[in-house]
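*Asks:* give me a model of this one.
(2 chains)
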There are 2 protein chains.
Amino acid sequence: MKKYSEMSKAELRAELEMVQGKYDELKGRGLSLNMARGKPGKEQLDAVSDMLDVLKSDSDFMCDGIDARNYGNLDGLPSCKKLFAELLGTQPENVFVGGSASLQLMYDTIAKCYTHGRLNGDGPWSKLEKVKWLCPAPGYDRHFAISQSFGMEMITVPMTAEGPDMDVVEKLIQDGDVRGMWCVPKYSNPDGIIYSAETLRRIASMKPAAKDFLLMWDNAYCVHEFFGDYVPFPDILAECAKYGNADMVFEFASTSKITFPGAGVSVFACSAANMEYVKKLLNAQIISFDKVNQLRHVRYLKDKAGVLALAKKHAAILGPKFRCVLDALEKEIAPLGIAQWQRPSGGYFVSVNTMPGIAKATWQLCKEAGLTMTGAGATFPYGKDPQDSNMRVAPSLPPIEQLEQAMEIYCVSLRLAALRKLLSD
Amino acid sequence: MKKYSEMSKAELRAELEMVQGKYDELKGRGLSLNMARGKPGKEQLDAVSDMLDVLKSDSDFMCDGIDARNYGNLDGLPSCKKLFAELLGTQPENVFVGGSASLQLMYDTIAKCYTHGRLNGDGPWSKLEKVKWLCPAPGYDRHFAISQSFGMEMITVPMTAEGPDMDVVEKLIQDGDVRGMWCVPKYSNPDGIIYSAETLRRIASMKPAAKDFLLMWDNAYCVHEFFGDYVPFPDILAECAKYGNADMVFEFASTSKITFPGAGVSVFACSAANMEYVKKLLNAQIISFDKVNQLRHVRYLKDKAGVLALAKKHAAILGPKFRCVLDALEKEIAPLGIAQWQRPSGGYFVSVNTMPGIAKATWQLCKEAGLTMTGAGATFPYGKDPQDSNMRVAPSLPPIEQLEQAMEIYCVSLRLAALRKLLSD
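*Replies:* Below you'll find the predicted structure:
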């Protein structure tokens, strides 16, 4: 195969005719496939459903001298705090165990900035003229949706192979209206990049003009390798503390992709001073989160070794799915020179950057052929990808035979969009 | 026995000496008892723990065509919406099923008023100079704590035997700064009063000056009879709609005292317009709440009849505890004329009104003798009971033999505080 950029108009037209034929044939199959969201597949759910058997008799509910079935322990079961502390490399007293969704903890952390203000801040952000927020992009659409819901002015920060472009970040944080930043430090959503040690150092040692700058550290994929072994990752709380920034960061994690999506256990971790501050606020909000589910997780997962063993089971299911996506891209797209992509070894996505100006068109072609993809543009603030180029591929949900069909549609749609674009330029 | 008010000083002094002796003897036992909170007792928890056995095989997780273990369905499992709609006497589409705590749903509903504003309101309340809020009192301390956390100006509304004093309410809502009111309509916390039909009509037909007035209807004890049969109660949504106030009310309920405290399922119910509005906001906050727990509840409770049957089991445990409290008060306190109390047939509390000026002293005496009671004053806004009179007795947690000892301490402490007060006046 020849690169599209090296083809003559005549060659492109011939290619278009051929690809259009393939597309029409695929469309004619009337399929309904979905690679839009990072939803685990049924095999993954089945693999952990024995978790629901671990609590049986009345005596099973006692843990740490606490009856998990009754009210109490705002910050969670001590054993569950310990489990997550081990996972994140921090101390149990830095961990607050919440409900079934880390997204809600993140939303709530920001909501409290608006209604009550940050520790060491100047009061509620709702009183401020303007709140600016750094959004490394491509990034997670639900992060950006939270920022948008609160009316933040989102500023796009380019992603590099080592994480957010820190030259840009260090310049932007000199603006006192810049109050915080979203980060997915390990297997970033969607690029699957692990922030480098140097990026980490530069983030932890930031000197933002806003003294209540909030680093939102969404460690969503902390144990989510699908190729190869577990990759250790530094504790951001300790890193920040090293540079006098102990109170700058809130870290988030959950078992949504370890046990059940939306029915697992979520946590945040923060400094002692932040913990004291937010516990006072949280005390008005809830008596205690679901400790029965916390206990179920403690009994089932046991410790970090238990979590990593389970992560291997997920990897055995997810690995072949990612292999399928990457192989299809390599075989069908790479020779044509119309897109580039990351080759992650963990996380939930493959981030594809098409030639400029065809992501939306590709999405539309997929849609019409029965394949739902994450909306083109969704990985950028306000849903606006300036290059119309980034597409997030989420291979986890479909069974592998469906995934093969989905990638067939995706690759043909991408080729078709590229050809139309090249012929119209 | 003679009423204390009819005793001479000499008689009072003799009584004091006798009661002081009893108190010292009780204190000497070194007990540690707790009647502070509406926590179910262990027998109640054991009675429902078989709920954890209802989800077993992989096929058990399918419900309404949905795999409850995966992300999705922001407003909850349809079957769970249906179950609560039946309980509350409303339609499934009016019900949003949340996490494990209705308190958090209430907090969040008010937080959203501050950050985003109400449907049909003039924007976020955080921009307002002042938010006033009606607090029927004695009331629920955690409601008042939410109001206080947001800096509301709380206005105490007296409770009558039929609910909040509506003459007072109707006057206060003419102030446009008054934005809402807390209500626990059935077995009010702590009085155990059921709002009368006339009170309901007057609430539902209110004409507040604030067009975004928010009626917070905490139907916490909707099926919580401990004496006698289930008492039907009107659907507040329909009542409000009848008077053109469909969007005024949010109703809340949970299974915290039906299944597990803090690990049950919570809901809110509201008009179609409110539902559309808040779902848009909630969509930025969470993908979906814990549907596995929702499904567990659906399978275990089945329908309203199933819930009422389970409520009878709770009543069989709680009834004797309330009988114990009421009998002790009747026998030890009634003849002395130093306190009055409600005789509820549902809910979680007995509300005692002592002679003015001795609630705090009684609380302190209980404390020193090893009995923790709800803080005196807690049932009023800002923790300030103007009469220093109301005390909330919570009999649910201690086993009955401990409860008998606790009531012995309580009655003797109350007598001692009354005698000291009478002799010092």
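
*Asks:* tell me the SS of the residue most central in space within chain A?
*Replies:* Closest to where the C-alpha atoms of chain A average out (CA atoms, centre = their mean) is A:Asn189, at 4.0 Å. Look at A:Asn189: counting by DSSP: H, G, I helix; E, B strand; the rest coil, its state is coil.

*Asks:* from what I see, it and A:Phe349 are in contact.
*Replies:* Yes. Contact criterion CB atoms under 8 Å: A:Asn189 and A:Phe349 qualify, at 6.1 Å. Using the backbone N, CA and C atoms, a C-beta is placed for each residue, glycine as well.

*Asks:* so for the two, which residues contact both of them?
*Replies:* Listed as contacting both A:Asn189 and A:Phe349 by CB atoms under 8 Å, 6 or more residues apart in numbering or on different chains are A:Gly38, A:Arg392.

*Asks:* so how far is A:Cys240 from A:Asn94?
*Replies:* 12 Å (CB to CB, to the nearest Å).

*Asks:* go on, A:Gly383?
*Replies:* 31 Å.

*Asks:* neighbour count winner among these two?
*Replies:* A:Cys240 (24 against 14; other CB atoms under 10 Å in any protein chain shown).

*Asks:* can you say which helix or strand has that one in it?
*Replies:* Assignment of secondary structure by DSSP states H and E places A:Cys240 within helix A:236-242.

*Asks:* same question for A:Gly377.
*Replies:* Assigned by DSSP H and E, A:Gly377 belongs to no helix or strand.

*Asks:* and the nearest residue to A:Glu153 once chain neighbours are set aside, what are its bridge partners?
*Replies:* Counting by CB to CB, 6 or more residues apart in numbering or on different chains, A:Lys132 is the residue found nearest to A:Glu153 once chain neighbours are left out, at 4.6 Å. Counting by DSSP bridges, A:Lys132 is bridged to A:Glu153, A:Val178.

*Asks:* hang on, A:Lys132 packs against A:Met181?
*Replies:* No. Counting by CB under 8 Å, A:Lys132 stays clear of A:Met181, with 10.1 Å between them.

*Asks:* if you count surrounding residues, which of those two has more?
*Replies:* Taking neighbours as other CB under 10 Å, A:Lys132 and A:Met181 compare with A:Met181 leading, 24 against 19.

*Asks:* now the strands for the stretch 101-250 of chain A?
*Replies:* A:132-137, A:153-160, A:163-164, A:178-183, A:214-218, A:249-254 (DSSP state E, counting those that start in this stretch).

*Asks:* redo the ones you listed as JSON lines? Include mean pLDDT and distance to B:Ser256.
*Replies:* Output for those, formatted as JSON lines (pLDDT from 0 to 100; distance: least, CB to CB, whole Å):
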{"stretch": "strand A:132-137", "mean pLDDT": "98", "distance to B:Ser256": "36"}
{"stretch": "strand A:153-160", "mean pLDDT": "98", "distance to B:Ser256": "38"}
{"stretch": "strand A:163-164", "mean pLDDT": "98", "distance to B:Ser256": "43"}
{"stretch": "strand A:178-183", "mean pLDDT": "98", "distance to B:Ser256": "34"}
{"stretch": "strand A:214-218", "mean pLDDT": "98", "distance to B:Ser256": "30"}
{"stretch": "strand A:249-254", "mean pLDDT": "98", "distance to B:Ser256": "23"}
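
*Asks:* sorry, back to before: so who does the residue nearest to the residue nearest to the centre of chain A when sequence neighbours are not counted touch?
*Replies:* In space, and not counting its chain neighbours, A:Asn189 is closest to A:Tyr140: 4.2 Å by CB to CB, 6+ apart. Residues in contact with A:Tyr140, defined by CB under 8 Å, 6+ apart, are A:Trp182, A:Val184, A:Asn189, A:Pro190, A:Asp218, A:Thr379.

*Asks:* and the residues you listed, which is closest to A:Ile333?
*Replies:* For these, the minimum distance to A:Ile333 (CB to CB) is 16.8 Å, reached by A:Pro190.

*Asks:* wait, that closest one sits on A:Trp341?
*Replies:* No. Using CB under 8 Å, A:Pro190 is not in contact with A:Trp341, being 10.0 Å away.

*Asks:* neighbour count winner among the two?
*Replies:* Neighbours were counted for A:Pro190 and for A:Trp341 using other CB under 10 Å; A:Pro190 has more, 30 against 20.

*Asks:* got a list of what the more buried one touches?
*Replies:* A:Pro138, A:Gly139, A:Tyr140, A:Gly347, A:Phe349, A:Val350, A:Ser351, A:Thr374, A:Thr379, A:Asn390, A:Arg392.

*Asks:* now for the second one: which residues touch it?
*Replies:* The reference is to A:Gly139. A:Met159, A:Trp182, A:Val184, A:Ser188, A:Asn189, A:Pro190, A:Thr379, A:Phe380, A:Pro381.

*Asks:* for the stretch 301-425 of chain A, which segments count as strands?
*Replies:* A:339-341, A:350-354, A:371-373, A:390-393.
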